[in-house]
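Engineer: predicted model and sequence follow; I will ask about them next.
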Amino acid sequence: MELHGENDFKIKSYQSAVNSLERFNQSLAVLDINELQEIEGVGKSLAQSIYQINEQGSFELFDDLSAKTPDGILEMMQLSGFGPKKIKLIWEKLNIDNLEDLLTACKENKIAALKGFGDKTQVKLQEAVEFKLSWRGYIHFREAEKLAEKLILDLKSIDGVNEVSITSDVRRKMEVIKPVEILVAAENKAKIIQYVAKNDAFDLDKKNSGPLSLKFTFKPLKAEVNIIFTSKDQFINELFKTTAHPNHLNAELEKGKSFNNLLKEGNFKSEAEIYEAAGFPYIEPELREGLWDLNWAKENAIPKLIEMDDLKGILHNHSTYSDGKNSLEEMARYCKDLGYEYLGISDHSKTASYANGLQEFRIKKQHEEIDALNEKLAPFKIFKGIESDILNDGSLDYSNEVMESFDFVVSSIHSPLNMDEKTATNRLLNAIANPFTTILGHPTGRLLLQRKGYPINHKAVIDACAEYGVIIEINAHPWRLDLDWRYVRYALDKGVLISINPDAHETNGYHDMYYGVCVGRKAGLTAHETFNSKSLEEISRYFNDRKKSALSKL
DNA sequence: GCCGTTTTCGGCCCGACTGTTTTCAGTCG
């Protein structure tokens, strides 16, 4: 609507309806038109549209606008830092409707000449386009794993398929994936080719497919898929080869010996057998990066990796007090029903006004509600937390008196995000040194495949966390996975505790912790090093001690 | 297109930042 010059206020009403619907926690499908109209921001027209979507899968306005919007423009709209107004202008004035032409226009200095643009904007735009192009075809791990699991299920049901497995980056649980790779041992490849060719969701890449592999695109996600064919006998060898990062596969284990060489000696029956033949303990797939894995293996000191069952509670969550979808009670009950011992609620602080951040008087109200719920739900416990904005100078968002009222504080940067490394690092260092900071939230602010995140001196930030006893979160949202697992390893070596936090904005968000566990495992994270694998008793004590020490430092 | 009256029209969430302007528009969280 913004691209096609629709009335600004009409656009606003759609936006406010979307805002309201995103927080609406019942199914829209069971509501009639009158009931739909009772939702805030939904009037007669939108109620009818929603009803139509439910009946027919779409509605006129959307179909019309989609038809006159090139795919490339939609891609351009995702450029970080550029919104509909600027994209519309580029489209109209320069007739550019795809990223490639846009990049050329930047290089030819055509963007800076446009009204409302300038040199800096052009540089920023070029960077954004290059970032976008460099990740084209990649998808997030969550989508990749789901797609892979569906493919595995389908392939297993095909006659003559003997063995199937997820392999390569998905098996190593990398945070972003291209392509999704599946290893198959089948007697009849024709049937698999038929399965791909017949499926409307797939676009077979005949040119790049051959006897060894079948390449296609999964259209709804624009995801690249590669089915690798092998024989039943060679399945384990191929699985090993395709799973491991080349640095793991080709590393010199001893003079002239590597896993790759070992595989040439014969067909193995299991991966454990391969490691045994190399004189190594078994190495989990997600560790096979050729980074720290082989040294651990050589010293027979592979850590016991964290598992979902090790997690005893869930910290860093939002409720309807700020921008969450579910009430405090719903968040608490669902957490309890999942078998956890405690929940940490950390709604947005007051500076985050866009997210309905908590003013002081609302904090008080929330704390009263938490006290009441804690009586009702005991021994389950809700901890009083806050996700405090880290302000520009690195200070936190409330007075010391208010900060004292929390059991724990997640300190995070939300805006502004375009800082240079020195500014961002200093901002974080100040927040880390604040005695009220318990956990450092999403340290870089990145959104995988979408936003780079502000640059920070990782080592300086982690060293400071070690010095001040600040826990670092692995924000488990599949778009964040921040702190990056490569630096989680550094943090662990410095003795910093890691908390796997879902940043849940609704009850279902809790399940994202799985993605945090996945990347934690890549870093060799153990239960012992994971803050929220502490029991209720242990974590209560930790929060108490931490607060005492904070108060003594004031 | 929605909402709430000053009740069928008039106004529409916020605050900060950046880069472009030369007083403000666009973007973001």
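Structural biologist: Ah, there it is.

Engineer: show me the strands in the stretch 51-200 of chain A, by range?
Structural biologist: Assigned by DSSP state E, counting those that start in this stretch, the strands in the stretch 51-200 of chain A fall at A:139-140, A:161-167, A:176-177, A:180-186.

Engineer: nearest to DNA strand B, out of those?
Structural biologist: Smallest distance to DNA strand B across those (Cβ to the nearest atom of the strand): 16.4 Å, for strand A:139-140. Placement of C-beta: from N, CA and C, glycine included.

Engineer: re the thing from before, can I get the strands of the stretch 51-200 of chain A in TSV with mean neighbour count?
Structural biologist: Shown next, in TSV, are the strands of the stretch 51-200 of chain A (neighbours: other Cβ atoms under 10 Å):
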stretch	mean neighbour count
strand A:139-140	22
strand A:161-167	19
strand A:176-177	21
strand A:180-186	23
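
Engineer: could I get these as TSV with distance to A:G495 and mean pLDDT?
Structural biologist: Shown next, in TSV, are those (distance: least, Cβ to Cβ, whole Å; pLDDT from 0 to 100):
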stretch	distance to A:G495	mean pLDDT
strand A:139-140	31	96
strand A:161-167	34	97
strand A:176-177	29	97
strand A:180-186	37	97
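
Engineer: closest to A:K376 out of those strands?
Structural biologist: strand A:139-140 (37.5 Å; Cβ to Cβ).

Engineer: list the strands paired with the closest one, with their directions.
Structural biologist: As defined by DSSP bridges, the strand partners of strand A:139-140 come to strand A:176-177 (antiparallel).

Engineer: give me the mean pLDDT for the helix or strand containing A:N544.
Structural biologist: Assigned by DSSP states H and E, A:N544 belongs to helix A:536-553. Per-residue pLDDT over helix A:536-553 has a mean of 96.

Engineer: can I get the CA coordinates of it in CSV?
Structural biologist: The C-alpha coordinates for helix A:536-553 follow below in CSV (Å, rounded to 0.1, in the frame of the first residue of the first chain):
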residue,chain,number,x,y,z
LEU,A,536,15.1,-22.9,41.4
GLU,A,537,17.0,-23.0,44.7
GLU,A,538,20.4,-22.4,43.1
ILE,A,539,19.2,-19.5,40.9
SER,A,540,17.3,-17.9,43.8
ARG,A,541,20.5,-17.9,45.8
TYR,A,542,22.4,-16.5,42.8
PHE,A,543,20.0,-13.6,42.3
ASN,A,544,20.0,-12.8,46.0
ASP,A,545,23.8,-12.8,46.3
ARG,A,546,24.1,-10.8,43.1
LYS,A,547,21.7,-8.1,44.4
LYS,A,548,23.4,-7.9,47.8
SER,A,549,26.7,-7.3,46.0
ALA,A,550,25.1,-4.7,43.7
LEU,A,551,23.7,-2.8,46.7
SER,A,552,27.1,-2.9,48.4
LYS,A,553,28.7,-1.3,45.4
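
Engineer: what strand or helix carries the residue most central in space within chain A?
Structural biologist: Chain A has A:P478 as the residue nearest its centroid, 1.8 Å off, counting by Cα atoms, centre = their mean. Remark: A:P478 resides in no helix or strand, with elements defined by DSSP H and E.

Engineer: go through the helix holding A:N544 and flag the buried ones.
Structural biologist: A:536, A:539, A:542-543, A:546-547, A:550 (16 or more other Cβ atoms under 10 Å).
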